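Peer 1: here are the coordinates; sequence isn't available:
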């Protein structure tokens, strides 16, 4: 026979009230936090899904943070490149203006002065920093000032790297462009150069029209430089050749400069080469020329050096037509980089929208798993509160019962 003692009744009543009070406290915590699943034991399956959704949302949040950083850096770079584009367009205008023979020495000096100022501005813009204080054109070396100038030499102190930031699980985007490719390693226009030796004939004789022809590779074909009278010495012959070649340079595209008193340098910019042909009364002895074709060559140098050389030649009164192609190539390189920057900005803007939509969907699913149904929870809370109060009142009455009350 099972005997139910007063102590057992009390313990069971207390245990039931504590259990109800614990359930009531859990419901109160749910109402205060707004979450249905507070511990994994509340709903193990939902808790596991919630952890996975939390990781996915956190990852997308990091991607969006990377996009914000990318946007800030690329917008800084795009702004710098826009200013550099305008600057180089101004340099081109000045180069064309300075290449005009109508300009006086004072005019060319003034143009050169402006170009030097623009070059200083370009140098400063190439050392631009982003909002975080990092250099934009330094490659991986974002804490190092990329460009320096010392003793007439421009140096690049960064590297050729491009930092990549992840904006999606399988997608990264470069946050800048290195300054070496942007400003230092710039192709120059094709230039053919012919070094003309001094005439060896002490008294160079006259040369008939058509015996010296020059083809500058510009499509005009071979052009005669005309007849030359006898010269008193090789120095006068060099002057005659220089003036005659420059007189037809508009047709040939070939200009002549005095290298020394008796030698010349012929230059053709942008053509397929320079072909010199001598015949008849023209000989190497009385002209210093030889029948030959010289192919054009191209080199690479920094845009800063190009502008310095341009200004120096303007100040010296030299032709600067060769720099028009050089400035065009530098400008084209900057425009190409701007195009890639614009493409990256468009790409990350689209990815930002995709990420935001995906993050919203994940948050909705997480809310379905984790968030509380307030209507059901409030109803449950009131029911639990009523049950607890009833149990407490019943316990008080049962606790007060005794057989002595009925004797």
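Peer 2: Received the coordinates, thanks. Fair warning: this is a prediction, and the values are worked out from it, not measured in the lab. Numbers count the residues shown, from 1 in each chain.
Peer 1: Any figure for the gap between residue 186 and residue 179?
Peer 2: Relative to residue 179, residue 186 is positioned 11 Å away (Cβ to Cβ, to the nearest Å). From N, CA and C alone the C-beta is placed, and that goes for glycine too.
Peer 1: can you check residue 120 too?
Peer 2: With distances taken as Cβ to Cβ, residue 120 is found 16 Å from residue 179.
Peer 1: Same drill for the two, tell me which one is more crowded.
Peer 2: In terms of neighbours (other Cβ atoms under 10 Å), residue 179 is the more surrounded of residue 120 and residue 179; the figures are 26 against 13.
Peer 1: list the contacts for the more buried one?
Peer 2: Residue 179 makes contacts with 126, 137-139, 146-147, 156, 158, as judged by Cβ atoms under 8 Å, 6 or more residues apart in numbering.
Peer 1: Can you classify the residue nearest to residue 89 when sequence neighbours are not counted by secondary structure?
Peer 2: Sequence neighbours aside, residue 331 is the residue nearest to residue 89 in space, at 6.7 Å (criterion: Cβ to Cβ, 6 or more residues apart in numbering). What DSSP: H, G, I helix; E, B strand; the rest coil gives for residue 331 is helix.
Peer 1: picking up where we left off before, neighbour count, secondary structure and pLDDT for the contacts of residue 179 - can I get that in JSON lines?
Peer 2: Converted to JSON lines, the contacts of residue 179 look like this (neighbours: other Cβ atoms under 10 Å; DSSP: H, G, I helix; E, B strand; the rest coil; pLDDT from 0 to 100):
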{"residue": "126", "neighbour count": "23", "secondary structure": "helix", "pLDDT": "96"}
{"residue": "137", "neighbour count": "27", "secondary structure": "coil", "pLDDT": "95"}
{"residue": "138", "neighbour count": "24", "secondary structure": "coil", "pLDDT": "93"}
{"residue": "139", "neighbour count": "22", "secondary structure": "coil", "pLDDT": "91"}
{"residue": "146", "neighbour count": "25", "secondary structure": "coil", "pLDDT": "96"}
{"residue": "147", "neighbour count": "23", "secondary structure": "strand", "pLDDT": "96"}
{"residue": "156", "neighbour count": "22", "secondary structure": "strand", "pLDDT": "96"}
{"residue": "158", "neighbour count": "20", "secondary structure": "coil", "pLDDT": "93"}
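Peer 1: would you list the residues you listed in a markdown table and tack on distance to residue 294?
Peer 2: Listed next are the contacts of residue 179 as a markdown table, based on distance: Cβ to Cβ, whole Å:
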| residue | distance to residue 294 |
| --- | --- |
| 126 | 35 |
| 137 | 37 |
| 138 | 40 |
| 139 | 38 |
| 146 | 37 |
| 147 | 35 |
| 156 | 32 |
| 158 | 37 |
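Peer 1: In terms of helices and strands, where is residue 221?
Peer 2: Using DSSP states H and E, residue 221 sits in no helix or strand.
Peer 1: give me the number of residues near it?
Peer 2: For residue 221, the count of nearby residues is 12 (other Cβ under 10 Å).
Peer 1: Next, the contact list for it, please.
Peer 2: Counting by Cβ under 8 Å, 6+ apart, residue 221 has contacts residue 215.
Peer 1: now the one 5 residues further on
Peer 2: By Cβ under 8 Å, 6+ apart, residue 226 lies in contact with 209, 244, 247-248.
Peer 1: Isn't the residue nearest to residue 89 up against residue 86?
Peer 2: No: when contacts are counted by Cβ atoms under 8 Å, residue 331 is not listed as touching residue 86 (10.1 Å).
Peer 1: which one of the two has more residues nearby?
Peer 2: The neighbour comparison of residue 331 against residue 86 (other Cβ under 10 Å) goes to residue 331, with 19 against 10.
Peer 1: Kindly provide the distance from the more buried one to residue 182.
Peer 2: Residue 331 is 12 Å from residue 182, by Cβ to Cβ.
Peer 1: Which residues are in contact with residue 323?
Peer 2: The neighbourhood of residue 323, defined by Cβ under 8 Å, 6+ apart, consists of 95, 306, 309-310, 313.
Peer 1: what about 10 Å?
Peer 2: 91-92, 95-96, 98-99, 115, 188-189, 269, 306-307, 309-311, 313-314, 330 (Cβ atoms under 10 Å, 6 or more residues apart in numbering).
Peer 1: In which helix or strand does it reside?
Peer 2: Element membership for residue 323 (DSSP H and E) is helix 321-370.
Peer 1: so how far does stretch 291-307 reach from one end to the other?
Peer 2: Using Cα to Cα, to the nearest Å, one end of stretch 291-307 lies 35 Å from the other.
Peer 1: how about that stretch: buried residues?
Peer 2: Residues of stretch 291-307 classed as buried by neighbour count (16 or more other Cβ atoms under 10 Å): 294, 296, 301-307.
Peer 1: can I get the residues you listed in a markdown table with pLDDT, distance to residue 228 and secondary structure?
Peer 2: Shown next, in a markdown table, are the buried residues of stretch 291-307 (pLDDT from 0 to 100; distance: Cβ to Cβ, whole Å; DSSP: H, G, I helix; E, B strand; the rest coil):
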| residue | pLDDT | distance to residue 228 | secondary structure |
| --- | --- | --- | --- |
| 294 | 93 | 22 | strand |
| 296 | 91 | 27 | coil |
| 301 | 93 | 37 | strand |
| 302 | 95 | 42 | coil |
| 303 | 96 | 41 | helix |
| 304 | 96 | 42 | helix |
| 305 | 96 | 38 | helix |
| 306 | 95 | 36 | helix |
| 307 | 96 | 38 | helix |
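Peer 1: Show me which pair in these is furthest apart.
Peer 2: The largest separation in those, counting by Cβ to Cβ, is between 294 and 304 at 28.7 Å.
Peer 1: thinking again about what came up before, for the record, mean pLDDT for the helix holding residue 323?
Peer 2: Here helix 321-370 scores 90 as its mean pLDDT.
Peer 1: from here on, count from 6
Peer 2: Yes, from this point I'll number from 6; that puts the last item at helix 326-375.
Peer 1: on that earlier part again, now, the contacts of residue 328 that are in strands?
Peer 2: Using DSSP state E, the subset of those located in strands is residue 274.
Peer 1: Could you tell me which of the contacts of residue 328 count as buried?
Peer 2: Using 16+ other Cβ under 10 Å as the burial test, these include 96-97, 100, 103-104, 120, 193-194, 274, 311-312, 314-316, 318-319, 335 as buried.
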